[in-house]
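**Q** sequence plus the predicted model coming up.
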2 protein chains.
Amino acid sequence: MTRTALTSEEVLTTAARLVRADGPGALTMRRLATELGTAVTSIYWHVGNRESLLDALVERTVREMGEIHPAGDTPHARIVSVARALHSALRERPQLIAMVHERGLTERMFLPAQQALVHEMHAAGLRGETAAEAVRAIQFQVVGFVLVERNRERSPEQHPSEGELWDSPTAEHDPALARALAGPADTGRLFTVSLEALVSSLLAPGVADG
Amino acid sequence: MTRTALTSEEVLTTAARLVRADGPGALTMRRLATELGTAVTSIYWHVGNRESLLDALVERTVREMGEIHPAGDTPHARIVSVARALHSALRERPQLIAMVHERGLTERMFLPAQQALVHEMHAAGLRGETAAEAVRAIQFQVVGFVLVERNRERSPEQHPSEGELWDSPTAEHDPALARALAGPADTGRLFTVSLEALVSSLLAPGVADG
DNA sequence: ACCTGAACACCGTTCAAGT
DNA sequence: ACCTGAACACCGTTCAAGT
């Protein structure tokens, strides 16, 4: 009983499924071979080694990310919408994004978004290095946020101990603050606040020129 | 020829050295045993397994991070100084910080800084949930930045291809922008710009209350 | 051109046996 | 109380041998 001819396409698809389901750590060559119904060594013929398989997976993810469609009437609104779209796109593919991150390909994944942002910065009147800096500030903000959020999600256990430690002198004459810092962060709101602050500052005339 | 009695302290110190030198991936139980001059299995008696060894390492790093000393005359300046201190402290211990990050203990590591920030927010007149939100916005900003920077450092190779892709329509009538985006980002400046924008916005009266 | 099993050099971990 | 070697079940990868 032999199976139909193996293709690198099939290897990639199955590998992507495993990563999405159980994370990159669960993608072992032997498990992949079992899943595909072939010998481990056949995979090597088609995709080289594990490293290049992961490279191909990442490449595919970058392509699949798709285009960005800015929405809104003002440059400010359209920039914010791009940042938000990026934010949720990244959040929907946590494991694959982590792999893109590990491989340092985050920038290339961001290229379409970057071009959209450049367009909007131009519309807002920014040019040259100032515009470039503004675009990058947005990117850093969004990527940084996603990374921090992922970090927090992976460890919901630590908050109690953090709560204990907030029985500090400061906490006593500001209980509302202590309560807020003991509980989980409202990351959605933090994202909005920080993003609005940044965009407003970037679009304010003459600020980024110092 | 027997060596002096093994202690868990010695195991931790040697393990920390290996991680600092070659990263967490290089810390294998067998290599650690060789380095210590004992059998692999002795380590298990002292520190449990690899996982709890890494836990202990991380715990130690968090403690060693030390205190934060705000500098400057205005709350704005002092908040910025705390953020900067955090930023460089994190950058000086990349591998160990990565482990703290992986284990989701970033928050606990940030506790002293958090308390310093709360103090400054109070000095600036912020209270309760507004102050808590402001503190967290700063934290997210700094941590996010460090993570993005580390990601970029790990992959200096990708810029050429990014440069190629910047032969786009927009690039032609703004060559300065294309040049800026093709080259490496000035992360120090981006950090300053974003941080100043955020702090100014957070300390502006009545903004974070909507 | 494509697939295979055997073999190699690595892992982390357990456990009975030593002192 | 502390240390040990043998053994187990995993890895990724190579390579000669098959069709």
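**A** The structure has been received and is ready for your questions.
**Q** flag every buried residue along stretch A:78-88.
**A** Across stretch A:78-88, burial judged by 16 or more other Cβ atoms under 10 Å in any protein chain shown covers A:78-83, A:85-87. Backbone N, C-alpha and C define where each C-beta goes, glycine included.
**Q** and these, which of them are in helices?
**A** A:78-83, A:85-87 (DSSP state H).
**Q** these also near DNA strand C: which ones?
**A** Among these, no residue lies close to DNA strand C (Cβ under 7 Å from any atom of the strand).
**Q** out of the residues you listed, which one sits closest to chain B?
**A** Distance ranking of these against chain B, using Cβ to the nearest Cβ, places residue A:87 first at 11.8 Å.
**Q** the closest one and residue B:138: what is the separation?
**A** From residue A:87 across to residue B:138, the span is 19 Å (Cβ to Cβ, to the nearest Å).
**Q** likewise residue A:57?
**A** Applying Cβ to Cβ, the value for residue A:57 to residue B:138 is 36 Å.
**Q** again with residue A:37
**A** Going from residue A:37 to residue B:138 by Cβ to Cβ gives 53 Å.
**Q** go on, residue A:25?
**A** For residue A:25, the distance to residue B:138 equals 33 Å [Cβ to Cβ].
**Q** other SSEs contacting the host helix or strand of residue A:147?
**A** Element membership for residue A:147, per DSSP states H and E: helix A:128-153. Other elements packing on helix A:128-153 under the criterion 3 or more Cβ pairs under 8 Å, 6 or more residues apart in numbering or on different chains; DSSP states H and E are helix A:75-92, helix A:94-102, helix A:111-123, helix A:187-203, helix B:106-109, helix B:128-153, helix B:175-182, helix B:187-203.
**Q** any chance of these in a markdown table, plus mean pLDDT?
**A** A markdown table is the format used below for those (pLDDT from 0 to 100):
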| stretch | mean pLDDT |
| --- | --- |
| helix A:75-92 | 89 |
| helix A:94-102 | 78 |
| helix A:111-123 | 90 |
| helix A:187-203 | 92 |
| helix B:106-109 | 78 |
| helix B:128-153 | 86 |
| helix B:175-182 | 87 |
| helix B:187-203 | 92 |
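**Q** let's check: the centremost residue of chain A is which one?
**A** With distances taken as Cα atoms, centre = their mean, residue A:90 lies nearest the centre of chain A, 3.7 Å away.
**Q** and residue A:37 and residue B:138? Which one has more around it.
**A** Counted by other Cβ atoms under 10 Å in any protein chain shown, residue A:37 and residue B:138 do not tie: residue B:138 has more neighbours, with 26 against 13.
**Q** surely the more buried one and residue B:114 touch.
**A** No - proximity of residue B:138 to residue B:114 does not meet the contact threshold set by Cβ atoms under 8 Å, at 9.1 Å.
**Q** hang on, the earlier thing: would you turn the helices and strands packed on helix A:128-153 into JSON lines with distance to residue A:12?
**A** As requested, the helices and strands packed on helix A:128-153 are exported to JSON lines (distance: least, Cβ to Cβ, whole Å):
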{"stretch": "helix A:75-92", "distance to residue A:12": "19"}
{"stretch": "helix A:94-102", "distance to residue A:12": "12"}
{"stretch": "helix A:111-123", "distance to residue A:12": "22"}
{"stretch": "helix A:187-203", "distance to residue A:12": "33"}
{"stretch": "helix B:106-109", "distance to residue A:12": "33"}
{"stretch": "helix B:128-153", "distance to residue A:12": "24"}
{"stretch": "helix B:175-182", "distance to residue A:12": "30"}
{"stretch": "helix B:187-203", "distance to residue A:12": "34"}
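**Q** export these to CSV and tack on distance to DNA strand D?
**A** Shown next, in CSV, are those (distance: least, Cβ to the nearest atom of the strand, whole Å):
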stretch, distance to DNA strand D
helix A:75-92, 26
helix A:94-102, 14
helix A:111-123, 28
helix A:187-203, 33
helix B:106-109, 28
helix B:128-153, 22
helix B:175-182, 32
helix B:187-203, 32
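**Q** chain A against DNA strand C: which residues are in contact?
**A** Applying Cβ under 7 Å from any atom of the strand, we find that chain A lies next to DNA strand C at A:2, A:5-6, A:38-42, A:45-46.
**Q** let's see that with 10 Å instead.
**A** Counting by Cβ under 10 Å from any atom of the strand, the residues of chain A lying close to DNA strand C are A:1-8, A:10-11, A:30, A:33, A:36-46.
**Q** out of those, which touch DNA strand D?
**A** Among those, the residues lying close to DNA strand D (Cβ under 10 Å from any atom of the strand) are A:30, A:33, A:39-45.
**Q** of these, buried ones?
**A** Of these, these count as buried by 16+ other Cβ under 10 Å: A:33, A:43.
**Q** tell me the contacts of the residue nearest to residue A:72 when sequence neighbours are not counted?
**A** Computed as Cβ to Cβ, 6 or more residues apart in numbering or on different chains, the closest residue to residue A:72 that is not its neighbour in sequence is residue A:78, at 4.5 Å. The contact partners of residue A:78, by Cβ atoms under 8 Å, 6 or more residues apart in numbering or on different chains, come to A:70-72, A:120, A:123.
**Q** ok, which pair from those residues is furthest apart?
**A** Longest distance between any two of these is 13.6 Å, between A:71 and A:123; criterion Cβ to Cβ.
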